[in-house]
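Asks: turn this into a structure:
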Amino acid sequence: MNKQASYSRILLATLLLVLGFYLVSHVNFFIPIPYLGYFSLLIFGTQAYSLVFGFDGYKALFQKPKHFWKSFIKYFLLTVLFAFILGVAIVLITHKQKGNAAANNPLWFFFLIMPFALIGEELFSIYFYNLFKLKFSPLLANILVSIIFGLIHYSTYFNGSVLITILQILALQGTARFWFNKSYEKSNSILTSFAIHYFYDLATFIFTLFVLQH
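Replies: Below is the predicted model:
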């Protein structure tokens, strides 16, 4: 594949991911099926990643992780630790923090729908991570992806202040993404980052449901 074809595929794949992200919250304008948007990043992320890295590259994402439990425990705990410290700091400094509206879904949502949404977010993030690594170091690629991942949560966590919202999503969602990516890199499998992402979000939403709302 020549460079021109490569750039064309990257452009098309990136546009597919942008479309997938747009449809997360807008697909019901076109197809009024409840929860359909949660599957859009999985669908378009699969197409985008396969287009650039090939179907074999896509399948390799789901290979058996190296040292799964070691990576899972280490990076899950780091994610929780940083989320707690930064979350408390943001509340103390800004006196504002908005939660994710997805926490208002019924309990079955977190077991039947959320896994598909999060594997879509993983494909979105790992696509850019591996794409950026073609030009940059893994650390810089990780930082760039973490910033992007934080920023795409802007509308979800907008709390009335642009600055405080950006501070929150970069500190919390961006930092979490950094550790998710590290777990993917260390284990060489998207299954590890997905598992950490899922159980971290599940713990957060259940805490919100049964503690903060009661």
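
Asks: buried ones in the longest helix along the chain?
Replies: The helix that spans the most residues within the chain, counting by DSSP state H, is helix 68-94. By neighbour count, with 16 or more other Cβ atoms under 10 Å as the criterion, the buried positions of helix 68-94 are 71-72, 74-76, 78-80, 82-83, 86, 90. Quick note: C-beta positions are derived from backbone N, CA and C, even for glycine.

Asks: in a markdown table, list the residues you listed along with distance to residue 200 and pLDDT.
Replies: Listed next are the buried residues of helix 68-94 as a markdown table, based on distance: Cβ to Cβ, whole Å; pLDDT from 0 to 100:
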| residue | distance to residue 200 | pLDDT |
| --- | --- | --- |
| 71 | 14 | 97 |
| 72 | 11 | 98 |
| 74 | 13 | 98 |
| 75 | 9 | 98 |
| 76 | 6 | 98 |
| 78 | 10 | 98 |
| 79 | 5 | 98 |
| 80 | 7 | 96 |
| 82 | 11 | 96 |
| 83 | 8 | 94 |
| 86 | 14 | 95 |
| 90 | 17 | 90 |
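
Asks: can you give me the helices in this protein?
Replies: For the chain, the helices defined by DSSP H cover 3-26, 40-61, 68-94, 109-112, 114-132, 138-151, 154-157, 162-169, 175-187, 190-207.

Asks: for residue 34, find the nearest of those.
Replies: Closest to residue 34 of the helices of the chain, according to Cβ to Cβ: helix 109-112, at 10.2 Å.

Asks: residues near residue 174, how many?
Replies: Close neighbours of residue 174, defined as other Cβ atoms under 10 Å, add up to 21.

Asks: ok, how many other residues are close to residue 60?
Replies: Residue 60 is flanked by 13 other residues according to other Cβ under 10 Å.

Asks: tell me how far it lies from residue 23.
Replies: Here residue 60 is placed at a distance of 26 Å from residue 23 (Cβ to Cβ, to the nearest Å).

Asks: over to residue 120?
Replies: 10 Å.

Asks: and the two? Which one has more around it.
Replies: A direct count of neighbours by other Cβ under 10 Å for residue 120 and residue 23 places residue 120 higher, at 24 against 20.

Asks: looks like that one contacts residue 45 (just checking).
Replies: Yes: counting by Cβ atoms under 8 Å, residue 45 is a contact partner of residue 120 at 5.3 Å.

Asks: and for the residue nearest in space to the middle of the chain, nearest residue in space, chain neighbours not counted?
Replies: Centroid-nearest residue in the chain: residue 121, 3.9 Å away (criterion: Cα atoms, centre = their mean). Among residues not flanking residue 121 along the chain, residue 41 sits closest, at 6.0 Å (Cβ to Cβ, 6 or more residues apart in numbering).

Asks: pLDDT below threshold where in this structure?
Replies: In the predicted model of the chain, residues 1-5, 209-214 satisfy pLDDT under 70.

Asks: hang on, the earlier thing: OK, contacts around the residue nearest to residue 121?
Replies: Going by Cβ atoms under 8 Å, 6 or more residues apart in numbering, residue 41 touches 17, 20-21, 24, 117, 120-121, 123-124.
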